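> pasting the sequence and the predicted model now:
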Amino acid sequence: MSKQVQLGLRENWKQFTLLVIINGFVGGMVGLERSILPQIAEKEFAIAAKTAILSFIIVFGIVKALTNYYTGTLANKYGRKKLLVAGWIIGIPIPFLLMFAPNWSWIIAANILLGINQGLTWSSTVVMKIDLVGEKQRGFAMGLNEFAGYISVALIAFLTGWIAGEYGIRPYPFYLGIVLVVLGLLGSIFLIRDTKHHVAKEAENNTIPFLKNIFWDTTWKNKNLGSVTQAGLINNLNDGMAWGIFPILLVSKGFSLGEIGIITAVYPAVWGIGQLFTGRMSDRFCKKDMLYIGMLLQAVALVALVWASSMFHYILLSSILGWGTAMVYPTFLATVAENTHPKDRAKSIGVFRLWRDLGYAIGAILTGIIADLFSINAAIVFIGILTFISAIIIYVRMKCRTGALLKIISRTHTGNINPTYTESHSILCNG
């Protein structure tokens, strides 16, 4: 069967496009909460402590991280599609819990389900797209995947903020969630096919060795995988801070619900749209450079937020933060795929996403404690410094994979091709 299967974006564009659309619905589920949940905590449940307000992000991050890990472990055993459908079934109660929650514990319960939903659905669509496209266009594939997810986060965050400003915080904004769940579930059941044969096809000619210990190699021991994993954790740590602290900060600055919806949507919008470009860039340029510059931009934007005072400032810095995140997000996944055997890939991506999404919980805990003990600005600066340290780790520890260089040298010596600028750039990075 695997010999009849073709790898590539062009060869599998129909299934790939359907997966992009499904991942848009997945991202929209996170966008439901993005701009209004902290305000529900303060206005409807009278929760004042930042740590308590951010508890929904802490729970979401831990549950999603663990689900990512088990999705990666179970993907080869049960198939990607079954896990995708299971994720949508678990997501059915979420909008109803958010709509009718009589106390904060219901919100926590909704975020436990959301974490499982996101871990199963997003992980499945990521791995399936990588399976479909093969080696050449992984970065571009991940760019399209993350674009769909995060542009949906931005769109739904904006819409929920606008609806809340016009019609009230509950229940109307969460009607969008019912639509997302229905479309995501039906599309996954009737339109998506599993990709196990594509995995078998790629494994036939793959020369990347198996990892000795997938968990520890991905976590830290392998220099490239470990560098990506720590950066993923720090990236989501600062995203968790942005998710929970930004709306509270903007309320304290006197911005309206509509303005907060716009500002909180800019960051994931730039992040999402930017990945249409940065995903393709990660296929052409040294991935170490992409990751280092992206994390550095995030650090600069976060520290500069302390001096922001106007809507223009917040939109500008949110845009820089979004572009920095766009540079690293598809590159993370493409780098993990590039450094793992196809049969190790799902589990290795699961380990990476375990640590990456634990960043949500760690970021929410850290920023909540620091904001309560000191100030919101102190929390933002601290996270900015951690992000800068992460960029330095990438710069010092990571190298571009040498496999591409060996292919270039081989092809050049046989007279089939002359090195292009892009290939020469890769040689310099590997050097």
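Arrived safely, thanks for sending. All figures in this text were calculated on a predicted structure; none of them were measured in a lab. Numbers count the residues shown, from 1 in each chain.

> from now on I want contacts and neighbour counts done on CA atoms only, so please keep to that.
Noted.

> residues contacting Lys81?
In this structure, Lys81 makes contact with Ser124, Ser188, Ile192, Arg193, Asp194, judged by C-alpha atoms under 8 Å, 6 or more residues apart in numbering.

> is it true that Ile245 touches Ala378?
No: the criterion here is C-alpha atoms under 8 Å, and Ile245 misses it with Ala378 at 11.6 Å.

> who has more neighbours out of the two?
It is Ile245, of Ile245 and Ala378, that has more neighbours when counted by other C-alpha atoms under 10 Å, with 24 against 16.

> name the element the more buried one belongs to?
helix 223-252 (DSSP states H and E).

> try Thr264
Judged by DSSP H and E, Thr264 forms part of helix 257-284.

> which elements pack onto that helix?
For helix 257-284, the contact count by 3 or more C-alpha pairs under 8 Å, 6 or more residues apart in numbering; DSSP states H and E identifies helix 138-167, helix 223-252, helix 311-338 as packing neighbours.

> gap between that helix and the chain center?
12 Å (C-alpha atoms, centre = their mean, to the nearest Å).

> out of the contacts of Lys81, the closest to Thr325 would be?
Of all those, Thr325 sits closest to Ser124, with 21.4 Å by C-alpha to C-alpha.

> contact partners for that closest one?
Thr71, Ala75, Arg80, Lys81, Leu83, Leu84.

> buried residues, the helix or strand containing Ile293. List them.
Per DSSP H and E: Ile293 is located in helix 287-304. For helix 287-304, burial by neighbour count (16 or more other C-alpha atoms under 10 Å) applies to 287-304.

> who touches it?
Identification of contacts with helix 287-304 by C-alpha under 8 Å, 6+ apart yields 231, 235, 282, 317-318, 320-328, 331-332, 335, 380-381, 383-388, 390-392, 394-395, 398-400, 429.

> show me how far stretch 383-399 is from its chain's centre.
Distance of stretch 383-399 from its chain centroid, counting by C-alpha atoms, centre = their mean, is 18 Å.

> list the buried ones in it?
Buried, per 16+ other C-alpha under 10 Å, within stretch 383-399: 383-391, 393-395, 398-399.

> could you dump the residues you listed to JSON lines with pLDDT, secondary structure and distance to Lys223?
Shown next, in JSON lines, are the buried residues of stretch 383-399 (pLDDT from 0 to 100; DSSP: H, G, I helix; E, B strand; the rest coil; distance: C-alpha to C-alpha, whole Å):
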{"residue": "Ile383", "pLDDT": "96", "secondary structure": "helix", "distance to Lys223": "24"}
{"residue": "Gly384", "pLDDT": "96", "secondary structure": "helix", "distance to Lys223": "23"}
{"residue": "Ile385", "pLDDT": "97", "secondary structure": "helix", "distance to Lys223": "22"}
{"residue": "Leu386", "pLDDT": "97", "secondary structure": "helix", "distance to Lys223": "19"}
{"residue": "Thr387", "pLDDT": "98", "secondary structure": "helix", "distance to Lys223": "18"}
{"residue": "Phe388", "pLDDT": "98", "secondary structure": "helix", "distance to Lys223": "18"}
{"residue": "Ile389", "pLDDT": "98", "secondary structure": "helix", "distance to Lys223": "16"}
{"residue": "Ser390", "pLDDT": "98", "secondary structure": "helix", "distance to Lys223": "14"}
{"residue": "Ala391", "pLDDT": "98", "secondary structure": "helix", "distance to Lys223": "14"}
{"residue": "Ile393", "pLDDT": "98", "secondary structure": "helix", "distance to Lys223": "10"}
{"residue": "Ile394", "pLDDT": "98", "secondary structure": "helix", "distance to Lys223": "9"}
{"residue": "Tyr395", "pLDDT": "97", "secondary structure": "helix", "distance to Lys223": "11"}
{"residue": "Met398", "pLDDT": "96", "secondary structure": "coil", "distance to Lys223": "6"}
{"residue": "Lys399", "pLDDT": "90", "secondary structure": "coil", "distance to Lys223": "8"}
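
> sorry, back to before: any idea which of the contacts of Lys81 has the most stuff around it?
When neighbours are taken as other C-alpha under 10 Å, the top entry among those is Ser124 (28 neighbours).

> in what helix or strand does that one lie?
helix 104-133.

> any idea of the mean pLDDT in that helix?
Averaged across helix 104-133, the pLDDT comes to 95.

> pLDDT-wise, which helix or strand of this protein ranks last?
Lowest by mean pLDDT, DSSP states H and E among the helices and strands of the chain is helix 421-430, with a mean of 37.

> re earlier: could I get the helices and strands packed on helix 257-284 in CSV, plus columns for mean pLDDT and distance to Glu42?
Output for the helices and strands packed on helix 257-284, formatted as CSV (pLDDT from 0 to 100; distance: least, C-alpha to C-alpha, whole Å):
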stretch, mean pLDDT, distance to Glu42
helix 138-167, 90, 15
helix 223-252, 91, 9
helix 311-338, 95, 22
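
> nearest to Leu176, out of the ones you listed?
helix 138-167 (7.9 Å).

> so Ile47, which of the three states?
coil (DSSP: H, G, I helix; E, B strand; the rest coil).

> count the residues that sit near it.
Other residues near Ile47 number 16, with proximity taken as other C-alpha under 10 Å.

> for it, give its distance to Met241.
18 Å (C-alpha to C-alpha, to the nearest Å).

> repeat that for Val328.
From Val328 over to Met241 the distance is 18 Å, taken as C-alpha to C-alpha.

> which one's more surrounded, those two?
Counted by other C-alpha under 10 Å, Val328 and Met241 do not tie: Val328 has more neighbours, with 30 against 26.

> what sits closest to the more buried one if chain neighbours are left out?
Among residues not flanking Val328 along the chain, Leu291 sits closest, at 5.0 Å (C-alpha to C-alpha, 6 or more residues apart in numbering).
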